[in-house]
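> Attaching a predicted model along with its sequence, questions to come.
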Amino acid sequence: TPAGGLDGRACAAELIRRADTARYAAKAAGGRLVEYTPELDERAEAAEQLGADLRHSLDDGHFQVFYQPIIDLRDERTVAVEALVRWTHPVRGPVSPTTFIPVAEDNGLIVELGEWIMRTACRQLATWRSTLGADAPLYISVNVSPRQLSEPGFPAVLLAILAETGLEPAALLVEVTETAIFGGGTAIEAVETLHRAGIRIALDDFGTGHSSLGLLRTVPVDVLKVDKSFVDEIIEPGRRAVIVDALIHVCTGLDLRAVAEGVETAEQADYLRKLGYHYAQGYHFGRPAPDPITPALPASAARGAGR
């Protein structure tokens, strides 16, 4: 019997709508079973509003790219930086990437946002090179989403940005996730095209996705980024650094560069160094900042520059 005064057709349409809402929520939850509740409608409306805000903020310049140093553990010199997007909404305030990136991925805005991040990051590296010379980072690392990899012509967009900013392909490291390329198809083709052009490829958060070691043999990978969750185990009581130890041997055997993520203490850095890791990033070495590379002017020089 139709509920709430709805006729049979309207009731059927509402059931289909609720089923679709639950289906999208299940997809966002990683494919697990999700039962419809009114809260799902509230979440969907919130995501729709956030998507609209993303569009306005991208048009109005509310996004900023921060950079986190990647360190050579042998001398603690900054050899590269990872570009990380930050969003400060005029009303909401700072919005976490874990909140807005999935929404941008779902509504397709990640393609435009990702291109903006890539161009901004490459321009920044070109600026550092022109002002700092040999003290500039050797390369810049930029995350690329599954939606970007599946976009037709994506490799051509990256190569155009490199040409526009005067950077050689090896100056760019593209970070992709295991999940993004596990299914093969267009994503793998894009990665292979980029690699043939001289752009280097990193597997990000390695060990937290499908974790297929076979990817390291079938996908053109140059860098393996070891997830923070494994680095955390180094100093946890009663835990052993089995995974970080195993991964450095894998990287050595396959001639890959290993970068340990999320290093927060000197103890972790020392342990990684003893295991044979040469590269790392994390709060122990520096938090993401708009410009962690250019030396700060002395207070007296800064006052003089402002006159």
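Structure received.
> Quick one: classify the nearest residue to Arg287 once chain neighbours are set aside as helix, strand or coil.
Using Cβ to Cβ, 6 or more residues apart in numbering and skipping the chain neighbours, the partner closest in space to Arg287 is Gln68 (7.0 Å). Where C-beta positions appear, they are placed from N, C-alpha and C, glycine not excepted. What DSSP: H, G, I helix; E, B strand; the rest coil gives for Gln68 is strand.
> so Gln68 touches Leu84, yeah?
Yes - the pair Gln68 / Leu84 is scored as a contact, 6.2 Å apart, by Cβ atoms under 8 Å.
> Mutual contacts of the two, please.
Common contact partners of Gln68 and Leu84 (Cβ atoms under 8 Å, 6 or more residues apart in numbering): Pro288.
> Which residue of the two possesses the greater neighbour count?
Gln68 (22 against 18; other Cβ atoms under 10 Å).
> So what sits opposite that one in the bridge?
The partner list for Gln68 in beta bridges (DSSP bridges) reads Glu82.
> Same question for the one 4 residues further on.
Here Asp72 shows beta-bridge partners Arg77, Tyr279, assigned using DSSP bridges.
> How many residues are close by it?
14.
> ok so Leu247 is a strand residue?
No - per three-state DSSP, Leu247 lies outside any strand segment and is helix.
> All further residue positions should be reported with the first residue as 18.
Sure, I'll start counting at 18 from here, so that last one is Leu264.
> Tell me who's in contact with it.
Counted by Cβ under 8 Å, 6+ apart, Leu264 has contacts 223-224, 241, 243, 247, 275.
> 6 Å - rerun?
Val243 (Cβ atoms under 6 Å, 6 or more residues apart in numbering).
> who's the nearest residue to His106 once chain neighbours are set aside bridged to?
Distance criterion Cβ to Cβ, 6+ apart; nearest residue to His106, sequence neighbours excluded, is Val112 at 5.4 Å. Applying DSSP bridges to Val112 gives these bridge partners: Trp104.
> Let me know how buried Val112 is, in neighbour terms.
Using other Cβ under 10 Å: Val112 sits among 19 other residues.
> first to last residue in stretch 248-263, what's the distance?
With Cα to Cα, to the nearest Å as the measure, stretch 248-263 spans 12 Å from end to end.
> Mind pulling the model confidence for the spatially most central residue of the chain?
Note on the chain: the residue nearest the mean C-alpha position is Asn160, at 3.7 Å, using Cα atoms, centre = their mean. pLDDT recorded at Asn160 is 97.
> what's the nearest residue to it if we skip its chain neighbours?
The nearest residue in space to Asn160 (Cβ to Cβ, 6+ apart) is Glu192, at 4.6 Å.
> Pro107 too?
Per Cβ to Cβ, 6+ apart, closest to Pro107 is His79, 6.6 Å.
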